[in-house]
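Peer 1: sharing a sequence plus its predicted fold:
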Amino acid sequence: MEMLEVILVCYCGNATKLNTSWSNDNPGRRFFGCKKFGSGFKKQCLFFS
Ligand SMILES: [Zn+2]
């Protein structure tokens, strides 16, 4: 049985990966986000899945 490699592409066109948020609001919450997410980028990415 083959493993399907799922690559989600963010709204901004970058590949996403599973991240874990450790913010005060949602500690331990897992979400998908691209490399621009939460990186202090001027136009922060807001891709959630
Ligand atoms: Zn993005």
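Peer 2: Cool, the structure landed. Worth saying up front: this structure is predicted, and the values here are computed from it rather than measured.
Peer 1: phi, psi of the residue positioned nearest the centre of the chain?
Peer 2: In the chain, the residue lying closest to the centroid (C-alpha atoms, centre = their mean) is G33, at 1.1 Å. Backbone torsions of G33, given as degrees, to the nearest 10, read phi -160, psi 150.
Peer 1: was I right to think it contacts T16?
Peer 2: Yes. In this structure G33 lies within contact range of T16 using C-beta atoms under 8 Å: 5.8 Å. Quick note: C-beta positions are derived from backbone N, CA and C, even for glycine.
Peer 1: which parts of this protein sit against the ion?
Peer 2: 10, 12, 14, 34, 36, 45, 47 (C-beta under 5 Å from the ion).
Peer 1: and the helices in the chain?
Peer 2: Using DSSP state H, no helices are assigned anywhere in the chain.
Peer 1: what ranges in it fall below the confidence cut-off?
Peer 2: 37-44, 46-49 (pLDDT under 70).
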